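Trainee: Just the structure for this:
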Amino acid sequence: MNPYVLATLLSSLGLGTTLTFAGSHWLLAWMGLEINTLAIIPLMTQHHHPRSVEAATKYFLTQATAAALILFASTTNAWLTGTWYIDNMSDSFAATMIIAALALKIGLAPMHFWMPEVMQGLDLLTGLILSTWQKLAPLALLIQVAPAIDPLLLTAFGLTSTLVGGWGGLNQTQLRKVLAYSSIAHMGWMIIILQYAPHLTLLALLTYIFMTSAAFLTLKSMSATKISTLATTWSKNPVLVTTTALVLLSLGGLPPLTGFMPKLLVLQELAKQDLPLTATIMALAALLSLYFYLRLCYAMALTIAPNTLNSTTPWRAQVTQISLPLALSTTVALALLPVTPTILTLIS
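Mentor: As a prediction, the model looks like this:
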C-alpha cells in the first residue's frame, strides 16, 4: 500500500476515535464511529484475496447496521427528551437500543457472530487494530451511557460474552479465531463491572490492549496463523516462544502475570456488590478461556516439530522486525501485577 494512503487511513482512524472521545453530542459521536469504520475497510482489503474482501463486506454490513441503530436511538431520545447529549439517555427504549448497537460494534455476545469470521480474513496487524483500537470509541460511549442502562441487561451481556468467548475458542485451530474469541471473553469482563466500577473497565481495557498487542506482534514475527505452525517455532526462537507462552497465560489470567490483576479486581468488586453467583460464573468462564490458552502453550513449548511440515519452513519465512513494540508490550503484559495499588490510585 502507498505510504501516503496508509498514513491517511491511520490518521483517519485516530481522528474518528478522537471525535467520539471529545464529543458530547450523539451526531458527533456517530460521525466519529463512521470515520473509524470507513478508514479500516481499505486496510482490511489491502491484500487482494477473496477472504479479505468477504471479511471487509461482513464488517461493513454489521457496522453499518450498528451505526443506523445508534442514529435511530439517539434521534428517538432527542425527540422524546429534547436533547442530543450523550449522558442524558432518559428514555429506556432508546438506551436499550444504544446498548444493543454498541454491543454489535464491539462484538459482545450474543451479537458476536461477525467477529471470528472477520478476524479470520485479515492479516495479523489489521486484526490487531480491529481487536484493540476499534474497541475504544464504542467503549467510551458505553461508559457514558451506562448509568441509564438496566443493570440486568449489562450483567446478561457480560456473562454471555465470557461464556461464549470461553466455549467458542475450545475447538479452534486458527490462531486469529482463537484471539477473536479471547476478545469476546475479555469484553464480557469489561461490561460486567461497568455499572459498579467504570475505572476497573478502563483498567481491564488497558491490560487487554497490551496483552493482545504482544500476542499479535509475536505471531506476526513468527508468521504463524495456525496452531500446527506453532509447533515448529521452538527451534527457531526459543526465547520468543517462552515469552509468548507467558503472554498467553497472562491473557488467561494466571498469577503472577499482568492478566491476573483485572480479573482479581473485578471478582473482588462483584463480591462487594453482593453478587457471589455472578462472580462464581465469571471465574468458571475464565477457566474455559484458560484451557485454550494452555493448548497454544502446549503446542509451542511441549511438542516436537514433525519431520514433514505442511507450512513454510522457518528459514524461508519472511523476516519481520517489530522488536521494540513487541518488547514493550510483552514487558507490560507480564510484569504489571506488583504495581497494582499504584495503577488503581492513578485511575480511580
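Trainee: only C-alpha atoms for contact and neighbour calcs from this point on.
Mentor: OK.
Trainee: residues touching residue 335, list them.
Mentor: 257-258 (C-alpha atoms under 8 Å, 6 or more residues apart in numbering).
Trainee: ignore the last one, residue 13
Mentor: By C-alpha under 8 Å, 6+ apart, the contact set of residue 13 is 35-36, 39-40.
Trainee: if we go to 7 Å?
Mentor: With contact set as C-alpha atoms under 7 Å, 6 or more residues apart in numbering, residue 13 has these partners: 35-36, 39.
Trainee: Next, it: phi, psi?
Mentor: Backbone torsions of residue 13, given as degrees, to the nearest 10, read phi -60, psi -50.
Trainee: What are the buried residues along the helix or strand containing residue 284?
Mentor: Per DSSP states H and E, residue 284 falls inside helix 276-301. Residues of helix 276-301 classed as buried: 278-279, 282, 285-293, 296-297, 299-301 (neighbour count, 16 or more other C-alpha atoms under 10 Å).
Trainee: tally of neighbours for residue 5?
Mentor: 12 (other C-alpha atoms under 10 Å).
Trainee: in the helix or strand that contains it, what's buried?
Mentor: Using DSSP H and E, residue 5 sits within helix 3-22. For helix 3-22, burial by neighbour count (16+ other C-alpha under 10 Å) applies to 9-10, 12-21.
Trainee: likewise stretch 235-242?
Mentor: Buried residues in stretch 235-242 (16+ other C-alpha under 10 Å): 240-241.
Trainee: How far away from the center of its chain is it?
Mentor: Stretch 235-242 has its C-alpha centroid displaced from the chain centroid by 26 Å (C-alpha atoms, centre = their mean, to the nearest Å).
Trainee: Only alpha carbons, please: show it as CSV.
Mentor: What follows is stretch 235-242, C-alpha atoms only, in CSV (Å, rounded to 0.1, in the frame of the first residue of the first chain):
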residue,chain,number,x,y,z
SER,A,235,13.8,-24.4,17.4
LYS,A,236,13.6,-21.1,15.5
ASN,A,237,13.4,-18.7,18.5
PRO,A,238,13.2,-20.3,22.0
VAL,A,239,13.2,-17.0,23.9
LEU,A,240,10.4,-15.6,21.9
VAL,A,241,8.3,-18.8,22.3
THR,A,242,8.9,-18.7,26.1
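Trainee: if you average pLDDT over it, what comes out?
Mentor: Average pLDDT, stretch 235-242: 83.
Trainee: just stretch 58-71 next, same as before
Mentor: 96.
Trainee: quick one, helices of the stretch 1-150 of the chain?
Mentor: Here the stretch 1-150 of the chain has its helices, by DSSP state H, counting those that start in this stretch, at 3-22, 26-44, 50-81, 92-106, 114-120, 124-131, 133-145.
Trainee: Residue 260: which of those helices is closest?
Mentor: helix 124-131 (19.8 Å; C-alpha to C-alpha).
Trainee: any idea of the mean pLDDT in that closest one?
Mentor: Helix 124-131 comes out at a mean pLDDT of 95.
Trainee: what packs against it?
Mentor: Counting contacts by 3 or more C-alpha pairs under 7 Å, 6 or more residues apart in numbering; DSSP states H and E, helix 124-131 is packed against helix 198-222.
Trainee: Tell me the first helix or strand C-terminal of the helix it packs on.
Mentor: According to DSSP H and E, the helix or strand after helix 198-222 is helix 227-230.
Trainee: Next secondary structure after that next one?
Mentor: helix 238-252.
Trainee: by how many degrees do that next one and helix 198-222 diverge?
Mentor: Orientation of helix 238-252 against helix 198-222 (axes from the mean of the first three to the mean of the last three C-alpha atoms, to 10 degrees) gives an angle of 150 degrees.
Trainee: Give me the contact list for helix 238-252.
Mentor: 211, 215, 218, 233-234, 257-260, 286, 289-290, 293, 297, 300, 330, 333-334.
Trainee: switch to 6 Å and redo it
Mentor: Helix 238-252 has contacts (C-alpha atoms under 6 Å, 6 or more residues apart in numbering) with 257-259, 290, 293, 297.
Trainee: got the contact list for the lowest-mean-pLDDT helix or strand in the chain?
Mentor: Ranking every helix and strand in the chain by mean pLDDT, DSSP states H and E puts helix 227-230 at the bottom, with a mean of 86. Applying C-alpha under 6 Å, 6+ apart, the contact partners of helix 227-230 are 173, 300.
Trainee: Sweet, I'm off.
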